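[1] make a model of this:
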Amino acid sequence: MAKIVQIAQELGVSAATVSRALSRPEMVARATRERVLQKARELGVDIPCTYNDMAEGRNMIGVIIADLTNNFSAGILKTISILAEQDGLQVMLGVTNESPTTERKIISEFNQYNLRGLIAMPVGGNIIPLIECRNVVAVDRLFTGRETKSVLLNNSKAVELAYDHLRAKGHKHIAYLSGRDSLFTFHERLQKARFYSEMECIELDALEYNDLYTKAFELTNILLSRPEDQRPSAILASNNAITSGVAYSLTLRNVAMPSQMALVSIGDPDWCRFFPTPITTIKLPEEEMGMAAYELLKRSDEPNLQRVIEPLLLPRSSS
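    Residues are numbered from 1 along each chain as shown. Modelled structure (predicted):
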């Protein structure tokens with residue numbers, strides 16, 4: 001303890017910072033870690049044998065996801081974390097909440113570590129984040145202007161499954177509610193939806209969960225206020241947040257599903273199974289996507305591999 005206090009005094013940092021730098025180096029800025037390590041060596045302090053691996057990041061991987069409240073993102077993270085733990089690796093986590101600014105800050109912080117690899121859900125945008133890690137896997141979306149390994153959902157198939165299901169039920173006017181087209185997944189799904197003449201495609205100016213939820217709720221109220229001959233008979237929601245807003249609006253207005261309005265969700269949050277009228281979903285296999293992303297991360301010598309994961313229709317009472 002005396003040596004820790006001495007190091008702290010000589011470097012002008014707290015004893016707690018010195019202690020963390022020696023025992024939990026991933027929690028301390030790289031420059032500070034290096035100063036503490038150098039001073040510890042000068043004073044003959046025993047350094048834990050794992051220090052160099054931790055300080056250099058060799059037993060750490062970075063994971064950047066979009067939203068912890070989203071079942072899909074959380075499911076991918078859980079799978080990667082389990083696999084990493086089995087291999088003796090630690091996960092450094094960043095959450096963007098679909099903000100390019102936050103994404104750049106997270107990547108800048110991650111760049112301080114010599115990570116074994118990075119798995120990320122890119123936000124997208126005009127400014128390409130500078131990623132120093134060479135072993136990168138994009139999951140669910142692609143980085144703009146940068147080629148990496150990737151694990152993507154077959155977004156076109158997801159829309160096709162929902163469309164075919166609703167058309168088989170006799171629906172001729174289907175409202176497709178999407179988030180902002182700038183996001184890779186929304187863009188791909190919207191492109192496919194626009195292919196169908198029976199689809200009325202509506203793009204919400206939102207990306208973050210609460211904004212999508214609120215705007216989907218408001219838009220559904222507007223759709224329900226239309227004259228009956230102009231009203232869609234079914235709604236296809238392009239992600240979980242939009243589904244939540246639509247379902248809440250239908251419930252408040254006592255709209256019976258599917259007789260007065262059918263609903264299909266791209267994304268299968270747990271609550272869809274237990275909703276008073278269980279909601280038909282397109283299952284996005286997050287566990288399979290997480291496993292595939294981790295598998296590609298381990299293949300660090302093959303830079304541009306790609307896996308495409310197929311979605312699954314889960315019919316329920318709402319359609």
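[2] count the neighbours of the residue lying closest to residue 234 once chain neighbours are set aside for me.
    Counting by Cβ to Cβ, 6 or more residues apart in numbering, residue 234 lies nearest to residue 262, which is 3.8 Å off, once chain neighbours are set aside. (Glycine included, C-beta is placed from N, CA and C.) Look at residue 262: counted by other Cβ atoms under 10 Å, it has 23 neighbours.
[3] any figure for the gap between residue 262 and residue 275?
    14 Å (Cβ to Cβ, to the nearest Å).
[4] which residues are in contact with both of these two?
    By Cβ atoms under 8 Å, 6 or more residues apart in numbering, residue 262 and residue 275 have these common neighbours: residue 318.
[5] could you check which helix or strand contains residue 35?
    If you go by DSSP states H and E, residue 35 is part of helix 30-42.
[6] and that helix, what does it pack against?
    helix 2-11, helix 15-23, helix 51-56 (3 or more Cβ pairs under 8 Å, 6 or more residues apart in numbering; DSSP states H and E).
[7] helix or strand next in line after the last one, which one?
    Helices and strands here follow DSSP H and E; after helix 51-56, the next one along the chain is strand 60-65.
[8] what's the offset of that following strand from the middle of its chain?
    Between the centre of strand 60-65 and the centre of its host chain there is 11 Å, according to Cα atoms, centre = their mean, to the nearest Å.
[9] quick one: buried residues of the helix or strand following that strand?
    Next along the chain after strand 60-65, taking DSSP H and E as the criterion, comes helix 71-86. By 16 or more other Cβ atoms under 10 Å, the buried positions in helix 71-86 come out as 71, 72, 73, 75, 76, 77, 79, 80, 81, 83, 84.
[10] likewise for stretch 217-224?
    Of all the residues in stretch 217-224, those buried under the rule 16+ other Cβ under 10 Å are 217, 219, 220, 221, 223, 224.
[11] distance-wise, check residue 304 relative to residue 76.
    From residue 304 to residue 76 the distance is 21 Å (Cβ to Cβ).
[12] ok, now residue 282?
    Where residue 76 is concerned, residue 282 sits at a distance of 16 Å (Cβ to Cβ).
[13] again, but for residue 286
    For residue 286, the distance to residue 76 - Cβ to Cβ - is 5 Å.
[14] re earlier: so which of the helices and strands packed on helix 30-42 is nearest residue 117?
    Residue 117 lies closest, by Cβ to Cβ, to one member of the helices and strands packed on helix 30-42: helix 51-56, at 13.7 Å.
[15] on that earlier part again, got the helices and strands packed on helix 30-42 as TSV, with mean pLDDT columns?
    Formatted as TSV, those follow (pLDDT from 0 to 100):
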stretch	mean pLDDT
helix 2-11	80
helix 15-23	77
helix 51-56	46
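[16] wait, which of these is closest to residue 159?
    Closest to residue 159 of these is helix 51-56 (Cβ to Cβ; 44.2 Å).
[17] show me the contacts for the nearest residue to residue 237 once chain neighbours are set aside.
    Spatial nearest neighbour of residue 237, excluding adjacent residues (Cβ to Cβ, 6+ apart): residue 243 at 4.0 Å. Residues in contact with residue 243 (Cβ under 8 Å, 6+ apart) are 216, 237, 263, 265, 267, 269, 272, 279.
[18] ok, the residue nearest to the fifth one when sequence neighbours are not counted - how many residues close by?
    So the one you mean is residue 267. Computed as Cβ to Cβ, 6+ apart, the closest residue to residue 267 that is not its neighbour in sequence is residue 240, at 4.1 Å. Residues lying near residue 240 (other Cβ under 10 Å) number 25.
[19] residue 73 and residue 63 touch, don't they?
    No - using Cβ atoms under 8 Å, residue 73 makes no contact with residue 63, being 10.1 Å away.
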